[in-house]
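**Student:** Whatever this is, show me its structure:
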Amino acid sequence: MSRNGIAYLSFTEKGRALAASLSRALGGEVSCTRDGVSLRSWTTARFSEKAALVFVGAAGIAVRAVAPHLVSKATDPAVLTVDECGQFVIPLVSGHLGGANALAREIARVTGATACITTATDANGLFAFDDWARAQGMAVLDVRQIKAVSAKLLAGGTVTVCSAFPIAGDIPAGVALAESVAPDVWVDVHGHEALTLVPPALVLGVGCRRGITRETLEKRFTAFCAENAILPAAIHAAATIDLKREEAGLLDFCAGHGWPLSFYSAAELRALEGDFSVSPFVEETTGVGNVCERAACLRAGGKLAVQKSAGDGVTFALARGEISLDWSVEHGDTVCGGHRPGI
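**Tutor:** All right, here's what the predicted structure looks like:
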């Protein structure tokens, strides 16, 4: 389930007024226990749905409420508390990956409160790779590896980064670009033993037989990624021919991965210039000799990255589009964690 938006919970009329003010400035829904809302039920319902939970009240209340639901910094929503006078805002959970620190700064900007940021890299004025990943729309392959990288920075060391993509801007202090075979951090669509940050750089082109099931697509997709050493997190969209608009299995497959699915006519696909494989059967059936490769390139606005692979009535291909990365940790969206515009 994708997370979106902020949910505020207050406990007094004064807190309700502050929550309403924050909602007007930053968006989000407002609830108050004075209306009969149960703290436990409210937290349970929203913890898996919302990008951020903001408790307008004592920090202890927030801590006790979310404690039973905490799983991982990779999946937990941002959790913050703001005192009802609007003097202090404290990010409690998911400061970097979940965006709690960024949201705390936004709340401080709106209310004039002091943002009490306690994460070590922020407290020491150091670059935070998990914060950077989120700001750039990149996935973190193994969040457990962030600890070692941050520890190296905190100890005064230099963290080396090898990127398969250009990164604009000034390199932060304590960070160095390297073409080493063993850097501390990789930015890539392929997995590595070191901390790997995965940009959403690829589009999946899909062709399939009529009546294909989601289960078959999932099985073939897993094999396709393994065959090509591609991380699924690198894919941000899918594309196919418009004849598949009502293909339930395909629609469910893409929705399950959170990919927008684009459809193109045979004429649009044929018009795309490039060197693509041709299947006489596919051409006779659809009006174009190749669906998956052409659809992927058309949606990505780029070049073919992985050629057509067929099996179980499914064809997949990957195209790589232009992607814009820089060293900024400023977030275009306070809590939504979606892909950055232009990717």
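**Student:** In contact with C85, which residues?
**Tutor:** Counting by Cβ atoms under 8 Å, 6 or more residues apart in numbering, C85 touches 14, 18. (Glycine included, C-beta is placed from N, CA and C.)
**Student:** now it: how far from C116?
**Tutor:** In this view, C85 and C116 are 14 Å apart by Cβ to Cβ, to the nearest Å.
**Student:** all helices of the stretch 101-250 of the chain, in order?
**Tutor:** Ranges of helices in the stretch 101-250 of the chain, per DSSP state H, counting those that start in this stretch, are 120-123, 129-135, 146-154, 214-228, 248-257.
**Student:** Pick the most buried one from the ones you listed.
**Tutor:** Among these, helix 129-135 has the highest mean neighbour count (mean count of other Cβ atoms under 10 Å), at a mean of 24.
**Student:** quick check: mean pLDDT across that one?
**Tutor:** Helix 129-135 shows a mean pLDDT of 92.
**Student:** now for that helix, which elements pack on it?
**Tutor:** Packing partners of helix 129-135 (3 or more Cβ pairs under 8 Å, 6 or more residues apart in numbering; DSSP states H and E): strand 139-140, helix 146-154, strand 195-198.
**Student:** Check the offset of the shortest one from the chain's centre.
**Tutor:** Okay, so that is strand 139-140. Centroid separation between strand 139-140 and its chain, computed with Cα atoms, centre = their mean, to the nearest Å, is 7 Å.
**Student:** For it, name the packing helices and strands.
**Tutor:** Using 3+ Cβ pairs under 8 Å, 6+ apart, strand 139-140 is in contact with helix 129-135, strand 195-198.
**Student:** Can you list the strands that that strand pairs with?
**Tutor:** Strand 139-140 has its sheet partners listed here by DSSP bridges as strand 195-198 (antiparallel).
**Student:** ok, now which ones touch the nearest residue to V161 once chain neighbours are set aside?
**Tutor:** Nearest residue to V161, sequence neighbours excluded (Cβ to Cβ, 6 or more residues apart in numbering): V185, at 4.5 Å. By Cβ under 8 Å, 6+ apart, the contact list for V185 reads 129, 149, 159-162, 194-197.
**Student:** Which residues does the helix or strand that contains L298 contact?
**Tutor:** Using DSSP states H and E, L298 falls within helix 292-300. Residues from elsewhere that reach helix 292-300, judged by Cβ under 8 Å, 6+ apart: 202-207, 237-241, 262, 264, 268-270, 272, 274, 276-277, 288, 303-304, 307-308, 315-321.
**Student:** filter those residues to the buried ones?
**Tutor:** 202-207, 237-241, 262, 264, 269, 276-277, 288, 304, 308, 315-321 (16 or more other Cβ atoms under 10 Å).
**Student:** quick revisit: need the helices and strands packed on helix 129-135 in TSV with distance to C292 and mean pLDDT, can you?
**Tutor:** Output for those, formatted as TSV (distance: least, Cβ to Cβ, whole Å; pLDDT from 0 to 100):
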stretch	distance to C292	mean pLDDT
strand 139-140	23	94
helix 146-154	35	94
strand 195-198	22	97
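**Student:** distance of the residue nearest to V161 from G95?
**Tutor:** Distance from V185 to G95, by Cβ to Cβ: 19 Å.
**Student:** Return the longest strand seen in the chain as PDB; C-alpha atoms alone will do.
**Tutor:** The longest strand of the chain (DSSP state E) is strand 303-311. Coordinates of each C-alpha in strand 303-311 appear next as PDB, following Å, rounded to 0.1, in the frame of the first residue of the first chain:
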ATOM      1  CA  LYS A 303      17.500   4.200 -25.300                       C
ATOM      2  CA  LEU A 304      17.000   0.400 -24.900                       C
ATOM      3  CA  ALA A 305      18.900  -0.900 -21.900                       C
ATOM      4  CA  VAL A 306      17.900  -4.500 -21.900                       C
ATOM      5  CA  GLN A 307      16.600  -6.200 -25.100                       C
ATOM      6  CA  LYS A 308      13.500  -8.300 -25.300                       C
ATOM      7  CA  SER A 309      13.300 -11.400 -23.200                       C
ATOM      8  CA  ALA A 310      10.500 -13.900 -23.700                       C
ATOM      9  CA  GLY A 311       9.000 -16.700 -21.700                       C
END
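**Student:** and it, what does it pack onto?
**Tutor:** Packed next to strand 303-311, using 3+ Cβ pairs under 8 Å, 6+ apart, are helix 214-228, helix 292-300, strand 314-320.
**Student:** Redo these as JSON lines? Include mean pLDDT.
**Tutor:** Converted to JSON lines, the helices and strands packed on strand 303-311 look like this (pLDDT from 0 to 100):
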{"stretch": "helix 214-228", "mean pLDDT": "97"}
{"stretch": "helix 292-300", "mean pLDDT": "97"}
{"stretch": "strand 314-320", "mean pLDDT": "97"}
